[in-house]
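[1] Any chance you could fold what I've pasted below:
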Amino acid sequence: MIIDTHCHLDDERYDNDIEAVLRNAKNSGVEKFIIPGADPKTLERAVALAETYESIYFAVGVHPYDAKNYDKSYLEKYVHHPKCVAVGECGLDYFRLPETDEAIAEEKRMQKEVFVDQILWAKELKKPLIVHVRESSADCLLLLEKYAGAEGGVLHCYNADESLLKLAKKNFYYGIGGVLTFKNARKLINVYSKIPEDRLLIETDAPYLTPHPHRGKRNEPSYTTFVANKMSELSNYSSSEVANMSTKNAQRLFGI
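    The predicted structure is shown next:
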């Protein structure tokens, strides 16, 4: 069995065929799904899916691109829901920044402020974090080392920065998705063997980052099998052993 620990099933691209997507996933051995709370506009949809399907769970949080729209009072309405298993997707993303130095500094300040608030909130709630790190490893590492609680979390779509591996000691896991199958994934492939086995998670980030050989198509949870196969290829484990190992890790982190 596989748990897709990061899939945006609340995205409008699944509105017309969610039943088929879940059926395809089950036929591929994917039994459970976690929807990260990236966009507050679709949070109610995520909650509705979790209440409709026993296999779906969700998280509450705000992606760094939407930091300016952070409304904790709105998120609080759902964070105590029995199927809310984490806080996030939160973090830092410095890939798209404003043009002036002043605007860049303000954007980074705002992202850090919102990220820290969610880290402390997760610590208070005793829930794990789902963390987004893009071109911001140093700042993310600093903030997580300083503020994160014992529950830890997952570095979603782990970016292969070896400095982040030290977070394994703070109960952080590493989300591995379709990027591992890309031809230009040399850095991630090289660092893969350094990730502790008990800290590996499988994810899709569906509908994004579709693995080879389906790049260019909408991603979906059934494609986790391609990730598991690539992880097997890079290790001494069969695909089923990789799947079982990552599932036990996900169950331990998220309590599902």
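[2] my guess is Ala150 is in a helix, correct?
    No: read with DSSP: H, G, I helix; E, B strand; the rest coil, Ala150 is coil and lies in no helix.
[3] For the closest residue to it other than its chain neighbours, report the pLDDT, please.
    Excluding the flanking residues, the one nearest Ala150 by CB to CB, 6 or more residues apart in numbering is Asn171, at 6.4 Å. Any C-beta I mention is one placed from the backbone N, CA and C, and that applies to glycine too. On pLDDT, Asn171 comes in at 98.
[4] Could I get the full set of strands for this protein?
    Applying DSSP state E to the chain gives strands spanning 2-4, 30-35, 56-60, 84-93, 129-134, 153-156, 172-176, 200-202.
[5] who does the second one pair up with?
    Using DSSP bridges, the neighbouring strands of strand 30-35 in the sheet come out as strand 2-4 (parallel), strand 56-60 (parallel).
[6] buried set for the longest one?
    So the one you mean is strand 56-60. 56-60 (16 or more other CB atoms under 10 Å).
[7] that older thread, present the strands of the chain as TSV; the columns should include distance to Asn244.
    As requested, the strands of the chain are exported to TSV (distance: least, CB to CB, whole Å):
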stretch	distance to Asn244
strand 2-4	9
strand 30-35	12
strand 56-60	19
strand 84-93	20
strand 129-134	22
strand 153-156	18
strand 172-176	15
strand 200-202	11
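[8] for those, which one sits closest to Tyr70?
    strand 84-93 (9.0 Å; CB to CB).
[9] Can you spell out which helices and strands pack onto that closest one?
    If you count contacts as 3 or more CB pairs under 8 Å, 6 or more residues apart in numbering; DSSP states H and E, strand 84-93 packs onto strand 56-60, helix 101-125, strand 129-134, helix 137-147, strand 153-156.
[10] Over to the residue nearest to Ala150: give its phi and psi.
    Per-residue torsions, Asn171: phi 70, psi 30 (degrees, to the nearest 10).
[11] wouldn't it be in contact with Glu151 here?
    Yes: using CB atoms under 8 Å, Asn171 makes contact with Glu151 at a distance of 6.7 Å.
[12] residues shared between the contacts of the two?
    Residues touching both Asn171 and Glu151 (CB atoms under 8 Å, 6 or more residues apart in numbering): Pro128.
[13] between those two, which one's more packed in?
    Glu151 (20 against 16; other CB atoms under 10 Å).
[14] Provide a list of residues in contact with the more buried one.
    Glu151 neighbours (CB under 8 Å, 6+ apart): 122-123, 126-129, 171.
[15] just to revisit the earlier point, JSON lines for the buried residues of strand 56-60, including pLDDT and distance to Ala228?
    Output for these, formatted as JSON lines (pLDDT from 0 to 100; distance: CB to CB, whole Å):
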{"residue": "Ile56", "pLDDT": "98", "distance to Ala228": "20"}
{"residue": "Tyr57", "pLDDT": "98", "distance to Ala228": "20"}
{"residue": "Phe58", "pLDDT": "98", "distance to Ala228": "23"}
{"residue": "Ala59", "pLDDT": "98", "distance to Ala228": "22"}
{"residue": "Val60", "pLDDT": "98", "distance to Ala228": "28"}
